[in-house]
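Novice: sequence and predicted model, in that order:
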Protein chains: 2
Amino acid sequence: MNLKQLSKLLGLSQTTVSRALNGYPEVNKETRERVLKAVRETGYRPNKAAQRLATGKAGSIGLVMPTAPGHHSDVHFGEFLSGLGEEAVRHDFHFVITPSDPDDEVGALRRLAMSGNVDALFLAYMRGHDPRLDMLKTLSVPFIVHGRSFGREPDYPFLDIDNEAAFYDATKLLLQLGHRRFALMNGPSHLDFAIRRKNGVAAALAERDLLLDDDCTTHTPMTDEHGLLAMEQFLQLEDRPTAILCSSTVLALGAVRAINQAGLKLGEDISLIAHDDVLPLLKPENFSVPLTTTRSSLRAAGVRIAQRLIGSLKQINIYPQQELWRAELIVRASTGPAPMGR
Amino acid sequence: MNLKQLSKLLGLSQTTVSRALNGYPEVNKETRERVLKAVRETGYRPNKAAQRLATGKAGSIGLVMPTAPGHHSDVHFGEFLSGLGEEAVRHDFHFVITPSDPDDEVGALRRLAMSGNVDALFLAYMRGHDPRLDMLKTLSVPFIVHGRSFGREPDYPFLDIDNEAAFYDATKLLLQLGHRRFALMNGPSHLDFAIRRKNGVAAALAERDLLLDDDCTTHTPMTDEHGLLAMEQFLQLEDRPTAILCSSTVLALGAVRAINQAGLKLGEDISLIAHDDVLPLLKPENFSVPLTTTRSSLRAAGVRIAQRLIGSLKQINIYPQQELWRAELIVRASTGPAPMGR
DNA sequence: ACGACTAGTCAAAGCGCTTTGGACTGGGAT
DNA sequence: ATCCCAGTCCAAAGCGCTTTGACTAGTCGT
């Protein structure tokens, strides 16, 4: 069933039917109702590809999903997507997701942008100096970035959390509790958020003339296994850290396990603060020792980004170009005063 | 840059350029190379919407993603998608994902199917008697199901794991170890896999004239928090279970925590077998007491489904219509003989 | 009674691509 | 010289939609 058939059925022109469906004013009320009724009965749905071809828009947001054998999926991706979807569903938007070799994200993004089947693009997993930004600047597809990238003016629309401040604050708290030996379990070192978090820690430490040791910094994918391994490594240091900063509750999961296995008490022998993206599958308050966290909902960020993206496409762009969200520092039982005698 | 402009640039007709690009034989080798060169230089990309309109195909797989405020994202979705993507990227396929109100999945799927911008559909989170199957049967879009659905002949293409057998085997093992009081921490009760797993447990128990008590069965979303709560509930029973079957390692995470908090020893006081979807973020072998599991990689299932879907679209359908994968039962330390005296 | 609107409708062009059905070469066979 | 054919190429139709520009009534003011 297509427009032509439908309009023939109704004895109307395609023009009128199309206008009736798209809410144009110059259609008789009765005619419109007749059309709507017929649509309901026949189950007619306009062909999106044709709509897009005719209008240049079809209500879609494009994303690139890095994938490869061995490249493991990221919980954070799903959670964020879920937030995007929560808003998108209200506006009848959908997503076009291009899987891509992780080494060719620029190319994949470019192809997606030029394929002409997305109205706007969304970028995440930003790198230190991200080449995708330069590429996108040469195209005319609107886009928005989750995170930021070093090495160029932030002259692009983004939503980021203040990673540096979050980890600065967390470190500061641990310093106030008397800790002097710090470790950081971070995400992959090429990612922007990891760099900023590290900077935050370093800045707070520098105020007390302390340094973050290389031995005490890990950059790994954020899985429980890497958390476990990293923590085991820290615990084997002769002058082992008493304060741990951790980029994800998933990493913290492994870390806590290592701490327990070493017979140490979290919050007494060793303190830990993790960043909490508010993943539904893993709540820091339910850890055996509830975790002190810097919290910022990934899902909420998704909702917000979808709002801005869709808002700008619908020309009701009342949103700021750039937003920096502050994470909350929530103190629970995994942080305590530095142990004496070590 | 579009075909018209490109062909003008080359002094060729659109026909020839199009054919050169799509690998038709009736085009001179030199001409083809000239075209390819121009494409490289101009960065021309065919408009997918137009291609789809003209051919009816555009290399896309459609999915529906249930989303709502409060409806939390599912790790398993991301992991599966990642598998789909791994295969899709090899064939230059992409995904079209429609977010949908969880109460209107049938409608969302229908709209997606009729929108004319997907070549095939993929269904998951199957329900006991899933209305989506009946709906899809009336359309002509090819589809494939991850899981199965009760209540109709399996006359549709699917890939499923043998949930019943997996949980039957797991239960049997626990019975052999002397356990008599069982509990099941399951997924939402309307989902097909949950029903089958329960049946598997019940079948094994029935052979010993045992029943799975309602008090000892929970149906919840699969998050660590629900695992924790369910386990706490089990432990408060006066005649508490010594053997736990668990539908996900994520649930197991919470369960183990509850066990530890109660001062019980996993593998001694209480045994647990979880189903392991091989999520990269949570490995059962890294639990403080490594978990005995029924294992089947969700990601591998994704790869396989993408193969079959794309294979059937490209008419090289050498794949069986229906596949039932057997999960592996992997024994680790979380299972032991039933404790004496209780 | 006549022009000037307005409301409602339509035919046709156009979006960028693929594909059908020729058309035009220059041999090789007859 | 004629015919055929393989090898190349092209013009034009068509995919299903939106949108422009025009056309018909009917209405109103004068």
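Specialist: Perfect, thanks for sending it.
Novice: okay, now the domains of chain A?
Specialist: Here the domain assignment for chain A is A:3-46, A:60-161+A:299-325, A:163-296, based on automatic domain parsing.
Novice: now the ones you listed as JSON lines including mean pLDDT and mean neighbour count?
Specialist: For the C-beta atoms, the positions are set from N, CA and C on the backbone; glycine is no exception. Shown next, in JSON lines, are those (pLDDT from 0 to 100; neighbours: other Cβ atoms under 10 Å in any protein chain shown):
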{"stretch": "domain A:3-46", "mean pLDDT": "93", "mean neighbour count": "14"}
{"stretch": "domain A:60-161+A:299-325", "mean pLDDT": "93", "mean neighbour count": "19"}
{"stretch": "domain A:163-296", "mean pLDDT": "96", "mean neighbour count": "21"}
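Novice: out of those domains, nearest to B:I259?
Specialist: domain A:163-296 (10.5 Å; Cβ to Cβ).
Novice: need the three-state assignment for whatever residue of the stretch 151-300 of chain A ends up closest to chain B.
Specialist: Nearest residue of the stretch 151-300 of chain A to chain B: A:P280, at 3.4 Å (Cβ to the nearest Cβ). Following DSSP: H, G, I helix; E, B strand; the rest coil, the label given to A:P280 is coil.
Novice: doesn't B:S73 make contact with it?
Specialist: Yes. Contact criterion Cβ atoms under 8 Å: A:P280 and B:S73 qualify, at 6.5 Å.
Novice: mind listing the shared neighbours of these two?
Specialist: Residues touching both A:P280 and B:S73 (Cβ atoms under 8 Å, 6 or more residues apart in numbering or on different chains) are A:E79.
Novice: list the residues that contact A:I144.
Specialist: A:120-123, A:157-159, A:305, A:308-309.
Novice: these in helices, which ones?
Specialist: Counted as lying in helices by DSSP state H, out of these, are A:305, A:308-309.
Novice: can I get those in TSV including distance to B:S149?
Specialist: Output for the ones in helices among the contacts of A:I144, formatted as TSV (distance: Cβ to Cβ, whole Å):
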residue	distance to B:S149
A:I305	35
A:R308	39
A:L309	35
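Novice: and the gap between the residue nearest to A:D224 when sequence neighbours are not counted and DNA strand D?
Specialist: Excluding the flanking residues, the one nearest A:D224 by Cβ to Cβ, 6 or more residues apart in numbering or on different chains is A:G254, at 3.9 Å. According to Cβ to the nearest atom of the strand, to the nearest Å, A:G254 stands 52 Å off from DNA strand D.
Novice: what about the helices in the stretch 101-250 of chain A?
Specialist: A:105-114, A:131-138, A:163-176, A:192-206, A:224-235, A:249-261 (DSSP state H, counting those that start in this stretch).
Novice: quick one: whichever residue of the stretch 51-200 of chain A sits closest to DNA strand D from chain B, how far?
Specialist: Here the stretch 51-200 of chain A gets closest to DNA strand D at one residue, A:A54, 3.4 Å apart by Cβ to the nearest atom of the strand. Counting by Cβ to the nearest Cβ, to the nearest Å, the separation of A:A54 from chain B is 9 Å.
Novice: where's that residue relative to DNA strand C, distance?
Specialist: For A:A54, the distance to DNA strand C equals 4 Å [Cβ to the nearest atom of the strand].
Novice: could I get the pLDDT score of that residue?
Specialist: pLDDT recorded at A:A54 is 95.
Novice: got a list of contacts for the helix or strand harbouring it?
Specialist: Secondary structure from DSSP states H and E places A:A54 in helix A:48-55. Here helix A:48-55 makes contact (Cβ under 8 Å, 6+ apart) with A:57-59, A:116-117, B:47, B:49-50, B:52-53, B:58, B:115-117.
Novice: ok, the residue of the stretch 201-342 of chain A found nearest DNA strand C - contacts?
Specialist: Residue of the stretch 201-342 of chain A nearest DNA strand C, by Cβ to the nearest atom of the strand: A:L313 (18.2 Å). Taking Cβ under 8 Å, 6+ apart as the criterion, A:L313 is in contact with A:57, A:119-120, A:142.
Novice: ok, A:G267 to A:P290 distance?
Specialist: Between A:G267 and A:P290 the distance is 9 Å, computed by Cβ to Cβ, to the nearest Å.
Novice: now for these two: what residues contact both?
Specialist: Counting by Cβ under 8 Å, 6+ apart, the residues touching both A:G267 and A:P290 are A:333-334.
Novice: could you pull out the strands for chain A?
Specialist: A:60-66, A:94-100, A:120-123, A:143-146, A:158-161, A:182-186, A:217-219, A:243-246, A:271-276, A:292-295, A:322-325, A:328-330 (DSSP state E).
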